[in-house]
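>>> predicted structure and sequence below. I'll ask about it afterward.
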Amino acid sequence: MAKLLYRLGKWSYRAKWVVITAWLVLLAAVGGAAFAFQGGYNDVFSINGTQAQKATHLLLKNFPDAKSPIESTGVTIAFKAPEGQKLTDPHNSAAVDDVIEHIEKNLVGLTDTQRFGNPVKLNPELQKFVIETATSQGMPEENARKDAENLALLSTDERIGFTTFSIDVPLPADVTTEQREAIANAMDLGRAQGLEVEAGGPAYGDPIVIEETSEIIGLGVAAIILLFTFGSLVAAGMPLIVAVMSVGIGSLAVTLATAWVPLNNITPVLAVMLGLAVGVDYALFILFRYKEELERQPHEEAIGMAVGTAGSAVVFAGVTVIVALVALAVADILFLTYMGFAAAFTVFMAVLISLTLLPALLGVAGKRAFSGRLKMFNRPKRTITMGERWVKLVHRMPGLIIALVVFSLGALTIPAFNLHLSLPSDGQSPKDTTQRKQAEILYEGFGPGADAQFLVVVDAHDVDPASPVLRPLVVAQAAGHDPAAGVFDRKKAAAFASYLHVVQKFSATQDVKHVQIVGVSEDGFAAQLLLTSQKANIDPATNQLISALRIKEQEVIDSTGVDTGITGLVPVQQDVVNRLSDAMPLYLFIVVGLAIVLLLIIFRSVMVPVIAGVGFLLSVGAAFGVTVLFWQEGLWGLVGTPAPIIAFMPIFLIGVCFGLAMDYQVFIVSAMREHFTQEQGRGEGRYNGTEASVIHGFSHSARVVTAAALIMIAVFIAFIGQPLPFVKIFGFALGAGVLFDAFFIRMAFVPAAMFLLGRATWWMPRWLDRVLPHVDVEGSSLEREYEKVEEARKVARAQSMVE
């Protein structure tokens, strides 16, 4: 592969204008197609094959006018009277009327208004309707009153109330700015009169916005680091061009993909983050090698050698990242799969552009590639670099270094055992948002289960009329049947009995506050039941409750013949969390397994992949730990709204961090392996062959790896400024992961472990060496050819001098 890349680098250098034109045409073509054919992003996080999805199917089949919970466009407005007052006070009730009236007059698309109105006036009417309807169907009045209380719009102390409605749009993302403003202006009317008025719900969440400041900050910091690395404006600008081109083509291609597949708004975010980071880093590695090669070869040969050697490492590093991202598909969650594919494509573009566009740019720059030097960034070249001093210090005390790394990262990992996962909800929004305030008002007035209501769907078309558990309820209905109403329908009676049986069965479950029938289909053979939890939706007990209910659900199915399901926003979210947790072992096996095979092929060593794997576990564990400390536990109050971690962050963090960790492993250890191979294991001075290779390889690559890691950290940390909590947390976690992996693991743990292992570092069984394919990542074949050419030149010069 090294020879192929060598030829590609030289050709790109010579055919510079063809390469540059081709990439610009591709960028323009993808951009034009994206703007012409894009289908637009949405904010739906769909998931296939879950129990909640099955329940949603039952709901839509039996209630065609119903809407899928993940497509809900509901809005909830909460009202709270000042301390010592009630909403029922005339002036407060009048203020609520003003809010309701403004929404009625100004909100276009107002729908689902059964529970919309002033809760002071609507609550008694609703309570009366529920009681009368239930008792007319034969329900005891006591039970009917409990049902009415569970649907109350006004708290028992009459200080807090709420109203709900929907906006007639297909998806929450389709809610317009004008519709939001109508609701916001209405709330301001109530606030001006002394009430607390806050809104939430799927249709009143903040629109998903990705600000461009993060990319600008990341590129700015990268430019400064590149200036320190190369001391040249021209050279510093080239990796930035590569990164921007990679992100441009990648993000535009993702936008174009919306013409065929539904993608949510955050699909391109991971692609942009990784595209910027790896685009700069991959170009940096090749450019750094090119600069070194210029000291002994002309420009064209130098770029060929740089692409053949550093470019080989770039290819394998890119492959590990791509494998980690594509493997996200094992979770079988569609939006997660698309995010992985989008990011993998952008990384693929970064690899291709680094291997072709960068040589072309160097061809255009020619001898001016490292011109524009700034004195403040150019220091005299040291005989002994800081990297060499550090690795020799590690050589003197490898055991102590390993102990310090393991102890420090292990200690930081401990908080990760308290990791609590969930998906976004109003109760987890930042404290200063109206969504969070609305949730807290509802918690105060109606208990923590106010945002943890499930919809239980019962399809009784195949109910067993002879079911023993239903018989007493069927007999009771038969006894109360009026012969004048016609023949007693035993199957329909069994269907209604099954609804009551589910109510009784589920009501007897721990943490269930109330269960009631809220709707029956036209044919009488399907029902909707509203189940209210005693716990908030982000409480871990809620997930346990859903699991317990599904066990009872299966018991109901087996004993009655009906089909049931539990759906709603909370069960859908919990299914996502559970699916991700279940997929984690398989995902780790695939990603780590493939990476180990790649490392075995690259380095022809058993211990190098083992060291890499152990180091990764230490670094990613610490990254999880500090993320939990700051974002979940709120350490030092640096995070304004600590909350459970977004459910799909762990699988993303593991995948991306593993890919990036292998990047640094490849770049550092390939330099070590290159020296070991060239010197054929010979030692230098007091250092044996392994020690010499570690010292030489580390000294050679430490500076560029440090620069690459700092650039990645800067790019990721810059995304903490984004408004989306997921992006904030992910940026922080990735930055922490790169920090720990680059500086604790690759710069300390790895060389220390190799020093302790000694010659066993490069050991591989002969049978395994024969089985695995040979890939020249270090470019040893190129070096051998170069040495032969140089030797031939020396001989030719000597002969010419003799003649």
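Thanks, I have the structure now.
>>> could you list the domains of this structure?
What automatic domain parsing lists as the domains of the chain is 1-37+210-381, 67-208, 382-420+580-772.
>>> tell me the mean pLDDT for the helix or strand that M273 is a member of?
Assigned by DSSP states H and E, M273 belongs to helix 267-293. Helix 267-293 shows a mean pLDDT of 85.
>>> ok now it, how far from the chain's centre?
Offset of helix 267-293 from its chain centre (CA atoms, centre = their mean, to the nearest Å): 21 Å.
>>> what of stretch 182-194?
For stretch 182-194, the distance to the chain centre is 36 Å (CA atoms, centre = their mean).
>>> in it, what counts as buried?
Using 16 or more other CB atoms under 10 Å as the test for burial, stretch 182-194 gives 182-183, 186-187, 189-190. C-beta here means a position set from N, CA and C on the backbone, and glycine is covered the same way.
>>> adding secondary structure, write the residues you listed out as a markdown table.
Formatted as a markdown table, those follow (DSSP: H, G, I helix; E, B strand; the rest coil):
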| residue | secondary structure |
| --- | --- |
| A182 | helix |
| I183 | helix |
| A186 | helix |
| M187 | helix |
| L189 | helix |
| G190 | helix |
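>>> return the member of the residues you listed nearest to G161.
Among the buried residues of stretch 182-194, G190 lies closest to G161 (CB to CB), at 11.3 Å.
>>> quick check: the closest residue to that closest one other than its chain neighbours vs P119, distance?
Nearest residue to G190, sequence neighbours excluded (CB to CB, 6 or more residues apart in numbering): V197, at 3.9 Å. According to CB to CB, to the nearest Å, V197 and P119 sit 12 Å apart.
>>> shared neighbours of those two, which are they?
Common contacts of V197 and P119 (CB atoms under 8 Å, 6 or more residues apart in numbering): F79.
>>> flag every buried residue along stretch 496-504.
Buried, per 16+ other CB under 10 Å, within stretch 496-504: 496-503.
>>> and the residue nearest the centre of the chain, what pLDDT?
The chain has M649 as the residue nearest its centroid, 4.5 Å off, counting by CA atoms, centre = their mean. We have a pLDDT of 81 for M649.
>>> cool, Q680 as well?
pLDDT, read off for Q680, is 67.
>>> now do the one 4 residues further on
E684 is assigned 75 on the pLDDT scale.
>>> nearest residue to it other than its sequence neighbours?
The nearest residue in space to E684 (CB to CB, 6+ apart) is A692, at 4.3 Å.
>>> likewise L473?
A497 is the one closest to L473 (CB to CB, 6+ apart), at 3.5 Å.
>>> now swap in T56 and tell me
Nearest to T56 is T567, by CB to CB, 6+ apart, at 4.8 Å.
>>> tell me what that neighbour is bridged to.
L455 (DSSP bridges).
>>> distance of it relative to P140?
28 Å.
>>> ok, those two, which is more surrounded?
A count of neighbours by other CB atoms under 10 Å puts T567 above the other of T567 and P140, at 27 against 10.
>>> let me see the contact set for the more buried one.
Under the criterion of CB under 8 Å, 6+ apart, the neighbours of T567 are 52-53, 55-56, 59, 69, 454-455, 457.
>>> next, give me the two most distant ones among the residues you listed.
Q53 and F454 (14.3 Å).
>>> low-scoring stretches of the stretch 351-500 of the chain, by residue?
In the prediction, the stretch 351-500 of the chain carries residues with pLDDT under 70 at positions 371-384, 424, 485.
>>> the strands in the stretch 1-150 of the chain, which residues?
Using DSSP state E, counting those that start in this stretch, the strands of the stretch 1-150 of the chain run over 74-80, 110-111.
>>> most tightly surrounded among these?
Of these, the one with the most neighbours on average (mean count of other CB atoms under 10 Å) is strand 74-80, at a mean of 26.
>>> helices or strands next to it in the packing?
For strand 74-80, the elements it packs on are helix 90-106, strand 160-167, helix 177-192, strand 196-200, helix 434-446, judged by 3 or more CB pairs under 8 Å, 6 or more residues apart in numbering; DSSP states H and E.
>>> could you rerun that using 10 Å?
helix 90-106, helix 119-136, strand 160-167, helix 177-192, strand 196-200, helix 434-446 (3 or more CB pairs under 10 Å, 6 or more residues apart in numbering; DSSP states H and E).
>>> distance to A327 for these - can I get that in CSV?
Putting the helices and strands packed on strand 74-80 into CSV (distance: least, CB to CB, whole Å) gives the following:
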stretch, distance to A327
helix 90-106, 47
helix 119-136, 50
strand 160-167, 39
helix 177-192, 39
strand 196-200, 36
helix 434-446, 34
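>>> nearest to F730, out of those?
helix 434-446 (20.7 Å).
>>> and the lengthiest helix in the chain with strand 74-80, angle?
Longest helix of the chain, by residue count under DSSP state H: helix 569-603. Following axes from the mean of the first three to the mean of the last three CA atoms, to 10 degrees, one obtains 120 degrees for the angle between helix 569-603 and strand 74-80.
>>> how far does helix 569-603 sit from the chain's center?
13 Å.
>>> equivalent analysis for stretch 314-333, please.
With CA atoms, centre = their mean, you get 14 Å for stretch 314-333.
>>> give the next helix or strand downstream of whichever strand or helix holds D663.
Counting by DSSP H and E, the element that carries D663 is helix 649-678. As assigned by DSSP H and E, the chain's next helix or strand after helix 649-678 is helix 689-718.
>>> other SSEs contacting that following helix?
If you count contacts as 3+ CB pairs under 10 Å, 6+ apart, helix 689-718 packs onto helix 213-230, helix 233-257, helix 267-293, helix 299-326, helix 386-396, helix 649-678, helix 725-739, helix 750-757.
>>> before we move on, back to that, and of the helices and strands packed on strand 74-80, who's closest to T761?
helix 434-446 (53.2 Å).
>>> put the alpha carbons of that closest one into PDB.
This file holds the C-alpha atoms of helix 434-446, laid out as PDB (Å, rounded to 0.1, in the frame of the first residue of the first chain):
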ATOM      1  CA  THR A 434     -39.700  28.000  30.300                       C
ATOM      2  CA  GLN A 435     -39.800  24.300  29.600                       C
ATOM      3  CA  ARG A 436     -38.000  23.500  32.800                       C
ATOM      4  CA  LYS A 437     -40.000  26.000  34.800                       C
ATOM      5  CA  GLN A 438     -43.200  24.500  33.400                       C
ATOM      6  CA  ALA A 439     -42.200  21.000  34.500                       C
ATOM      7  CA  GLU A 440     -41.300  22.100  38.000                       C
ATOM      8  CA  ILE A 441     -44.600  23.900  38.400                       C
ATOM      9  CA  LEU A 442     -46.400  20.700  37.400                       C
ATOM     10  CA  TYR A 443     -44.300  18.600  39.800                       C
ATOM     11  CA  GLU A 444     -45.200  21.000  42.600                       C
ATOM     12  CA  GLY A 445     -48.900  20.900  41.800                       C
ATOM     13  CA  PHE A 446     -49.500  17.400  40.600                       C
END
